[in-house]
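S.K.: Got a predicted structure here, sequence first:
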Amino acid sequence: MTAAVHAPLRLVPCRDACPGGARRAHHDRLLTVDTDTDALLELIELAVTWHELEHPRERLVGPQEWATFAERHHWADPDRAERAFVLAADIVDRHAPALRARAGRTTMLDLITG
């Protein structure tokens, strides 16, 4: 007797060339932010601490890539994925002027944008 095992159908989420090597694990984890609450919280925690902690940037998909990351992939819930990455990038961007000000490199644009 032969038994057939049916594996769940999985969409290939990548549309473009995606990172391999050391960044692949983080890339694959980010692919679940629209369906996995823990992955979503990890993204927000990373955004909040991006400027404060020494993150292994050679192993991470960084904030400068998050906006396009959402566009380059297929999602179970595209709206949730887009909101998650836009919010995370906004959190990182909001911390940047304060850090420049503490470093004594405040520009007129920093003063205007807050």
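M.R.: Received the coordinates, thanks.
S.K.: Can you name every helix or strand that the helix or strand harbouring Q64 contacts?
M.R.: Using DSSP states H and E, the element containing Q64 is helix 63-72. With contacts defined as 3 or more CB pairs under 8 Å, 6 or more residues apart in numbering; DSSP states H and E, the packing partners of helix 63-72 are helix 78-102. (Each C-beta comes from the backbone N, C-alpha and C, glycine too.)
S.K.: So for the helix it packs on, what gets flagged as buried?
M.R.: A81, A84, F85, A88, A89, I91, V92, P97 (16 or more other CB atoms under 10 Å).
S.K.: out of the residues you listed, who's nearest E52?
M.R.: In terms of CB to CB, no member of these lies closer to E52 than V92, at 10.8 Å.
S.K.: Report the buried residues of the helix holding Q64.
M.R.: P63, E65, W66, F69, A70.
S.K.: from memory R23 sits against R59, does it?
M.R.: Yes - if you go by CB atoms under 8 Å, R23 and R59 touch, sitting 5.9 Å apart.
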